[in-house]
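*Asks:* prediction below, plus the sequence it came from.
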Amino acid sequence: MKTLELPDYKEQSKEVAARFAALRERPVEMAVCGLSKIFGSGEKEVQALRDINFDVYRREFMCVLGASGCGKSTLIRILAGLEYPTEGEVFVEGNPVEGPGPDRGMVFQSYTLFPWLTVKRNVMFGLQMTGSDVTSASAEARQWIELVGLSKFEDSYPHQLSGGMKQRVAIARALANRPKILLMDEPFGALDAQTRCQMQSYLLQIWRNVNITVLFFTHALDEAVYLADRCLVLKPSPGEVGEMIEVPVPRERSTDQFLSPEFLATKQRLEELIHPKSEQGDEKLPMLRLTQVGDDVE
Amino acid sequence: MARKRRNGQPWFSIRRELSPSRQTVLTAISFLLPLAIWCVVSYVPFIWHPDIKLQVGAGGATVYTAGDYVGKDFFPTVVEQVREENREVMAERAVGESPPGSTRENKKILRRIAGVAVQNKALGDDEREDDAKIYEIWKGLATGELVFKRPRLNEENMAIVKANWETLASYSPTYDAAKFPSEPLLKLLPQGRPANPVYLPAPGEVLQAGIREWTREPAEGKSTMGEKLLQSLQTVFGGFLLAAIFAIPLGILAGTYDFFGKLVEPFVDFFRYMPAPAFSTLLVAVLGAHNAPKLALVFLGTFPHLLLMITKTSRLLDPALLEASQTLGAHQRNMLFRVVVPGIWPNVYNDLRIALGWAWTWLVIAELIGVKTGLTEVIDTQGDRRNFDQVFPVIILIGIIGFFTDQILSWLRRFLFPWNAEAEGGQGLIERGLRGFGRWIEPAMEAHRKKPRTKLDHENVRAS
């Protein structure tokens, strides 16, 4: 079998290298320092995360990748303040995270729109929580709804929307509070492939137009390479930082790049990290021949 | 070419809904079937009818009077007993002895025809003891001037009528108290028609009794049926509202804060196993004999269960919604009032509907304690008098009110919770009944609400 000769994923074109140099110059938006999380105690003790350290720069789009069960959910919940770390600390613009707050917007995989509120009211929710009055919240919510292209549906209830539309409302709702950082927990995991692809490009557009740092958790390699400036790969049990990969694919991204050498090389590297050959094993299914049909199939 | 199937859908199919028209048909049958069975059992004589309802009483040695029920097996014995008494009278007459007897006894014997006479409208209801009129009736029957049709007297009784008139006429052709015979007359034989036991009145009787009781002017100092119904409604809804007022906030707190949950739930869980009626005498002692203990009993019967249900309902709220609200900047108070409360409200509404059903079940027991009131007073007193034709309308009325209240509440859901109604509602009877009407009025309401109802495809929006 013939395979493509791929370049080293660490090779960066001049533009890309310059871009990363500029990125590293920016202030750190979120700093994660020595984060560990242990669930349970005694014999049942399970270490979910061990000594996680990384920085996210302002306006960066970072993807956190990992196989399921490697502590992704625990990590994002700690960053959001919904869970407390056993050790270590998270800083947003230098201030330690004490709990959930409007400076970190979050988009969940399960939409989590309030079903009893219309689209507009959902987007207004955070604004009203942070002290805006109804009129100004309403006006601001309209802008965000327009940004995600759902103006026609501002008076619809969530159950009347498709999955992709719901997730766009959730993004608008999170952004309306003008958070410093947007945490996204496998936000497109429940969508079908086509909608998912569409949503990814929507998200890149939004990221370009809005002053926001994105931390995007996913297990889909394509998605990570397509979206991210840098990919943080988590190793499972316990969750540890495997590698921080700088994606050498130039901006601005398009779906055509899916087949570019840099893209494939990065994806291959991620594949190696997440599903190492050594772990895949050579297991074959026990084969019981149940068919008489002959050789043309083989 | 594909063959067209006339019935696209079979009647029996596991976990598949029938078409709306079929659902409606089955709903109608579900009500008509029990009614039909009741009618058949009541109106087709050979189906059951284990008793004889007496039209002519037995009197004499027996205690049976007109209107009484006698078992079919026992009835011949009763008849034979009277026949035997008549035979003795005849035998004594035959030997020419002057048997003992009295005018008073004879008048009683004659009066025994009154029941049938009233039914035939030959006698007024208030003339049952008018001996002169009754005398005329005997005369009329014997001479053939008067004929009873519904019910008619059987031949044996007609013979007795004639024989007695012979005796009477020999004394006086018209009623004359001075010339009333004292020699014993023959007694009418008990006569009746097959009937169901007294506890199963026919639908017609129940309907008549219902209409009669509802339109009747009550005796002095007594309340009308309407007032009684109002009393009962006050007891049910009063007790229910009281339970709701306490259970809703407490339940939401207990379901939201573990602190309140652990503080309240264990005791309530224990308390609910103590049946509410067990407290009835205590309640009367504490609260007096009037309305207060009744409300309290409905409250006691409803509150603990409702509280536990609302607690459970509150816990069912998706915790992700709470977390989402936190990441949007909500704190305790807003999480409670802006997320928990609106999020569980439709389910609490359903819990309340179920609790209202319980309140109705406690009604009868509640109204029995202390001074009997409301509809239960009718059930209890008329039931004791075995007037079951008056008891049934009340029982059915309670059922109808309870059922339709619930149906209306179920139907209101779609207006109270437009965001939730489509997911869970839609199966109610009224809902189905109004669907036709709704199809017609919907466009108008849509225009009013100006909200898109259909599930929208995101493809539509790409252009925008």
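*Replies:* Arrived safely. Numbers count the residues shown, from 1 in each chain, chains lettered A, B, ... in the order given.

*Asks:* show me where chain A has its strands.
*Replies:* A:28-39, A:46-57, A:61-65, A:87-92, A:95-96, A:104-107, A:181-185, A:213-218, A:230-235, A:240-246 (DSSP state E).

*Asks:* closest to chain B out of these?
*Replies:* strand A:104-107 (4.0 Å; CB to the nearest CB). From N, CA and C alone the C-beta is placed, and that goes for glycine too.

*Asks:* which neighbouring elements make contact with that closest one?
*Replies:* helix A:72-80, helix A:163-176, strand A:181-185, helix B:319-327 (3 or more CB pairs under 8 Å, 6 or more residues apart in numbering or on different chains; DSSP states H and E).

*Asks:* hang on, the earlier thing: can you redo the strands of chain A as TSV with mean neighbour count and mean pLDDT?
*Replies:* TSV is the format used below for the strands of chain A (neighbours: other CB atoms under 10 Å in any protein chain shown; pLDDT from 0 to 100):
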stretch	mean neighbour count	mean pLDDT
strand A:28-39	18	94
strand A:46-57	19	93
strand A:61-65	26	95
strand A:87-92	17	94
strand A:95-96	10	94
strand A:104-107	26	95
strand A:181-185	24	96
strand A:213-218	24	96
strand A:230-235	22	93
strand A:240-246	17	90
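
*Asks:* what's the closest of the ones you listed to B:Thr77?
*Replies:* Evaluated over these, closeness to B:Thr77 peaks at strand A:28-39, with 85.3 Å, by CB to CB.

*Asks:* CA atoms of the closest one as CSV?
*Replies:* Extracted C-alpha coordinates of strand A:28-39, given in CSV (Å, rounded to 0.1, in the frame of the first residue of the first chain):
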residue,chain,number,x,y,z
VAL,A,28,-1.9,35.3,29.4
GLU,A,29,-5.7,35.2,29.6
MET,A,30,-5.9,32.0,31.7
ALA,A,31,-3.2,30.3,33.6
VAL,A,32,-3.6,26.8,34.9
CYS,A,33,-1.0,25.9,37.6
GLY,A,34,-0.4,22.5,39.0
LEU,A,35,-3.9,21.3,38.8
SER,A,36,-4.7,17.9,40.4
LYS,A,37,-8.0,16.3,41.1
ILE,A,38,-8.7,13.2,43.2
PHE,A,39,-12.1,11.8,43.5
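
*Asks:* not counting that strand itself, show me its contacts.
*Replies:* The contact list for strand A:28-39 (CB atoms under 8 Å, 6 or more residues apart in numbering or on different chains) reads A:45-60, A:71, A:74-75, A:78-79, A:83, A:85-94, A:180-181, A:213, A:215.

*Asks:* give me that answer again for 6 Å
*Replies:* Residues outside strand A:28-39 that contact it (CB atoms under 6 Å, 6 or more residues apart in numbering or on different chains) are A:45-52, A:54-56, A:58, A:74, A:85-92, A:181, A:213.

*Asks:* follow-up on the earlier one: turn the helices and strands packed on strand A:104-107 into TSV, including distance to B:Ala219.
*Replies:* As requested, these are exported to TSV (distance: least, CB to CB, whole Å):
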stretch	distance to B:Ala219
helix A:72-80	74
helix A:163-176	67
strand A:181-185	75
helix B:319-327	60
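
*Asks:* now residue 174. Nearest residue, chain neighbours left out?
*Replies:* Reading this off chain A. Leaving aside its sequence neighbours, A:Ala174 sits nearest to A:Gly105 (CB to CB, 6 or more residues apart in numbering or on different chains; 3.3 Å).

*Asks:* right idea, wrong chain: chain B
*Replies:* Closest to B:Thr174 by CB to CB, 6+ apart is B:Tyr135, at 7.2 Å.

*Asks:* so what's the residue nearest to A:Trp144 when sequence neighbours are not counted up against?
*Replies:* Using CB to CB, 6+ apart and skipping the chain neighbours, the partner closest in space to A:Trp144 is A:Ala172 (4.1 Å). Residues near A:Ala172 by CB under 6 Å, 6+ apart: A:Val123, A:Trp144, A:Ile145, A:Val148.

*Asks:* need the residues you listed in a markdown table with pLDDT and neighbour count, can you?
*Replies:* Listed next are those as a markdown table, based on pLDDT from 0 to 100; neighbours: other CB atoms under 10 Å in any protein chain shown:
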| residue | pLDDT | neighbour count |
| --- | --- | --- |
| A:Val123 | 96 | 32 |
| A:Trp144 | 95 | 25 |
| A:Ile145 | 95 | 24 |
| A:Val148 | 92 | 23 |
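
*Asks:* in JSON lines, list those residues along with distance to B:Arg93.
*Replies:* Output for the contacts of A:Ala172, formatted as JSON lines (distance: CB to CB, whole Å):
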{"residue": "A:Val123", "distance to B:Arg93": "108"}
{"residue": "A:Trp144", "distance to B:Arg93": "113"}
{"residue": "A:Ile145", "distance to B:Arg93": "109"}
{"residue": "A:Val148", "distance to B:Arg93": "112"}
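
*Asks:* ok, of those, which one's closest to B:Gly124?
*Replies:* A:Val123 (82.0 Å).

*Asks:* isn't the closest one up against A:Asn177?
*Replies:* No: counting by CB atoms under 6 Å, A:Val123 stays clear of A:Asn177, with 9.7 Å between them.

*Asks:* which stretches of the stretch 151-298 of chain A form helices?
*Replies:* In the stretch 151-298 of chain A, the segments counted as helices under DSSP state H, counting those that start in this stretch are A:163-176, A:193-209, A:221-227, A:261-274, A:277-280.
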